[in-house]
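S.K.: I would like to see how this sequence folds:
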Amino acid sequence: MKSEGMYSRRVFGRAIAGLVAAPVMAHAQVRPQPSPSRAIYMLEGADRQQRLVAGAKREGVVVLYTSLNTQDSGPLTAAFEKAYGVKTQIWRAASERVVQRAVAEARAGRVGFDVIETNSPEMEALYREGLLDEFRSPTFPELAPAAFPPHRHYVATRFNFFTIGYNTRLIKPEEVPNAYSDLLHPRFVGRLGLEAGDIDWFGAMVKSMGEQKGLAFFRGLAAAKPVMRTGHTLVGQLVASGEIPLAPNIYNHNAERLLVRGAPIKWKALPPTFGRANSVGVVRRAPHPHGAMLFTDFILSRQGQTVLKERNRVPSSRSVDSSLNDFPFTTIDPIITLDEEAKWSKLWSDLFLKGQAVVKERD
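M.R.: This next block holds a predicted model:
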């Protein structure tokens, strides 16, 4: 029986395919009528903040759909309410459920939400469906360049970075890899563990290396007989306990969380370092557009980003000091998840899962 915290990659595919029209998913995104909230979302000028706050207080509430867990979203919305006196309502679910509900409501003509914050592939699907609007924010200069997709209809709020994680009692300092190719050294045979659902990381790595060279690298990694486990938190715990001496695709914030508690684990970013972005977007026909923009500004601001950092999340803002994003990185292209899912799933499954279905961790 699958853990309640996991779901098959096929579920995401069905959730998207069942709601977002095929032409849209093939990059022919919907070109909707001009947004009634466009002027609010593109506000500039010295009185911008004053106008947003006044409008948000008139509207009285902001409705957020998110996959961010309540332990983290609660402090964030509490800080927003304290700062502006505007109430928030949260509907929280797994990322594919956020897409399903948002698209279903929009197609039924009863949009009841203002802001969406979830995984970037799902945000890209909502953009292609025409639910999101472009916006401007004074926080933009503080954000990492990788936070922005070309169309700027959503912006990264936080990252999950793929780094190596290793047990400091089992991996000697001179054995710590300096490049991914070092993982193919015979000393690591039988000593590696992989998170079993990271096919987007796999696809991004193969593309960055060049497909022929990239697949050769992963075939070599498969020959090292890595232990396969589902769940990034679990993999971090297994590295810290020594069950897995080294993991090539650990989330660095999970390793850091254990490190500060005294566990014998460290992480290291190797080039190329890829990250999964979680992003925020404002809804085209939001019932509370001033509140939508005000909340989006807040989550991207130093104050909002600091709240996320304090909750062991990796901020997208360069104005919030964190060792967890202090290295060159690239975000994974959502196309790998949305348009190339079948290709990378099959390759990954054949290499590491003996042809079994890929299981993905929920956000």
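S.K.: What is the neighbour count of residue 302?
M.R.: Around residue 302 there are 14 other residues, counting by other Cβ atoms under 10 Å. Every C-beta, even on glycine, is put in place using the N, C-alpha and C of the backbone.
S.K.: Not counting sequence-adjacent ones, nearest residue to it?
M.R.: Nearest residue to residue 302 in three dimensions, chain neighbours excluded: residue 319, at 5.1 Å (Cβ to Cβ, 6 or more residues apart in numbering).
S.K.: What strand or helix carries residue 294?
M.R.: Taking DSSP states H and E as the definition, residue 294 sits inside helix 289-300.
S.K.: Phi, psi for residue 39 please.
M.R.: Backbone dihedrals for residue 39, given as degrees, to the nearest 10, come out at phi -60, psi -30.
S.K.: Where does pLDDT dip in the protein?
M.R.: Low-confidence segments of the chain (pLDDT under 70): 1-34, 362-363.
S.K.: 50 - rerun?
M.R.: 1-12, 14-15, 17, 19-28 (pLDDT under 50).
S.K.: Heading C-terminal from the longest strand that it contains, find the next helix or strand.
M.R.: Using DSSP state E to define each element, the chain has its longest strand at strand 155-167. Using DSSP H and E, the helix or strand that follows strand 155-167 in sequence is strand 193-195.
S.K.: by contact count, what packs against that next one?
M.R.: Strand 193-195 sits against strand 227-229, helix 232-241, strand 246-251, with contacts defined as 3 or more Cβ pairs under 8 Å, 6 or more residues apart in numbering; DSSP states H and E.
S.K.: Run through the neighbouring helices and strands of the helix or strand containing residue 200.
M.R.: Per DSSP H and E, residue 200 falls inside helix 199-209. Judged by 3+ Cβ pairs under 8 Å, 6+ apart, helix 199-209 is in contact with helix 211-223, strand 274-283, helix 335-338, helix 341-352.
S.K.: okay, the angle between the second one and strand 155-167?
M.R.: What that stands for is strand 274-283. Calculated by axes from the mean of the first three to the mean of the last three Cα atoms, to 10 degrees, strand 274-283 forms an angle of 160 degrees with strand 155-167.
S.K.: quick one on the thing from earlier: would you mind putting the CA coordinates of whichever helix or strand comes after the helix holding residue 294 into CSV?
M.R.: Counting by DSSP H and E, the next helix or strand C-terminal to helix 289-300 is helix 302-310. Extracted in CSV, the C-alpha atoms of helix 302-310 (Å, rounded to 0.1, in the frame of the first residue of the first chain):
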residue,chain,number,x,y,z
ARG,A,302,12.1,40.4,2.7
GLN,A,303,9.6,39.9,5.5
GLY,A,304,7.7,37.1,3.8
GLN,A,305,10.9,35.4,2.6
THR,A,306,12.3,35.5,6.1
VAL,A,307,9.2,33.7,7.4
LEU,A,308,9.8,31.0,4.8
LYS,A,309,13.5,30.8,5.7
GLU,A,310,12.6,30.4,9.4
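S.K.: Mind checking what helix or strand follows helix 302-310 in sequence?
M.R.: As assigned by DSSP H and E, the chain's next helix or strand after helix 302-310 is strand 314-315.
S.K.: What about residue 68, how many residues nearby?
M.R.: Residue 68, neighbours per other Cβ under 10 Å, totals 25.
S.K.: and the nearest residue to it once chain neighbours are set aside, what element?
M.R.: Closest residue in space to residue 68, ignoring its immediate chain neighbours: residue 117 at 6.1 Å, by Cβ to Cβ, 6+ apart. In the assignment (DSSP H and E), residue 117 maps to strand 115-119.
S.K.: Show me what that strand is packed against.
M.R.: Strand 115-119 packs on strand 61-66, helix 95-107, strand 274-283, helix 289-300, going by 3+ Cβ pairs under 8 Å, 6+ apart.
S.K.: Columns mean neighbour count and distance to residue 312 on top of the ones you listed, output as a markdown table?
M.R.: Output for the helices and strands packed on strand 115-119, formatted as a markdown table (neighbours: other Cβ atoms under 10 Å; distance: least, Cβ to Cβ, whole Å):
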| stretch | mean neighbour count | distance to residue 312 |
| --- | --- | --- |
| strand 61-66 | 23 | 17 |
| helix 95-107 | 20 | 19 |
| strand 274-283 | 26 | 14 |
| helix 289-300 | 27 | 16 |
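S.K.: and residue 158, which of the ones you listed is closest to it?
M.R.: Residue 158 lies closest, by Cβ to Cβ, to one member of the helices and strands packed on strand 115-119: strand 274-283, at 4.9 Å.
S.K.: what's the offset of that closest one from the middle of its chain?
M.R.: 6 Å (Cα atoms, centre = their mean, to the nearest Å).
S.K.: Figure out which of the helices and strands packed on helix 199-209 is closest to residue 102.
M.R.: Residue 102 lies closest, by Cβ to Cβ, to one member of these: strand 274-283, at 8.0 Å.
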